[in-house]
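In: The amino acid sequence is not available; the structure is as follows:
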């Protein structure tokens, strides 16, 4: 069995994760801007309560979605996509931190000197021995 060791550059991985999350925010701002522009035109698509053509276009017919439902579905999908970017970016940063912590734990297990240092750091304060031999001045 061949063991593959992967070197990870945690700095670039965490930077990439943050960049992915930022892209999600930028994506959402762009979607919101474009959505606001489209919404200005919706009143010109007719009044579904008084116009049959507008009702068919906006509300659909016979199980087929109209513009309003399609627009709502698209808006929701785009919002979910932007949020996914943010979550994926955060997950990449977390993954890097978890691997870094696992690497440290692995190093402690494999390196006796490092393990001794950790044990020494975790010890309770010992009493300081005081010499009991009397000292004579000459």
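Out: Thanks, I have it. The structure presented is a predicted model; accordingly, all values stated were derived computationally and were not measured. Numbers count the residues shown, from 1 in each chain.

In: Report the mean confidence score over stretch 94-110.
Out: Stretch 94-110 comes out with an average pLDDT of 77.

In: what do you get for stretch 70-82?
Out: 94.

In: Is the most centrally placed residue in the chain within a helix or a strand, and which one?
Out: When Cα atoms, centre = their mean is applied to the chain, the residue found nearest the centroid is residue 90 (1.5 Å). Using DSSP states H and E, residue 90 maps to helix 67-110.

In: again with residue 29
Out: Taking DSSP H and E as the definition, one finds residue 29 inside helix 10-39.

In: how far off helix 67-110 does that helix point, in degrees?
Out: Relative orientation of helix 10-39 and helix 67-110, computed by axes from the mean of the first three to the mean of the last three Cα atoms, to 10 degrees: 170 degrees.

In: Show me which residues of helix 10-39 are buried.
Out: Residues of helix 10-39 classed as buried by neighbour count (16 or more other Cβ atoms under 10 Å): 13-14, 17, 20-21, 24, 27-28, 31. Using the backbone N, CA and C atoms, a C-beta is placed for each residue, glycine as well.

In: Centre of the chain to stretch 18-25, how far?
Out: In terms of Cα atoms, centre = their mean, to the nearest Å, the centre of stretch 18-25 is set 9 Å apart from its chain centre.

In: who's in contact with that stretch?
Out: Applying Cβ atoms under 8 Å, 6 or more residues apart in numbering, the contact partners of stretch 18-25 are 82-86, 88-90, 92-93.

In: could the residues you listed be laid out in CSV, adding distance to residue 123?
Out: Shown next, in CSV, are the contacts of stretch 18-25 (distance: Cβ to Cβ, whole Å):
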residue, distance to residue 123
82, 50
83, 47
84, 47
85, 47
86, 43
88, 42
89, 41
90, 37
92, 37
93, 34
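
In: Restricted to buried residues, select those in PyMOL.
Out: Selection of buried members from the contacts of stretch 18-25 for PyMOL, criterion 16+ other Cβ under 10 Å:
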select buried, resi 82+85+86+89+92+93
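
In: How about the contacts made by residue 97?
Out: Going by Cβ under 8 Å, 6+ apart, residue 97 touches 10, 14.

In: ok, it to residue 8 distance?
Out: 11 Å (Cβ to Cβ, to the nearest Å).
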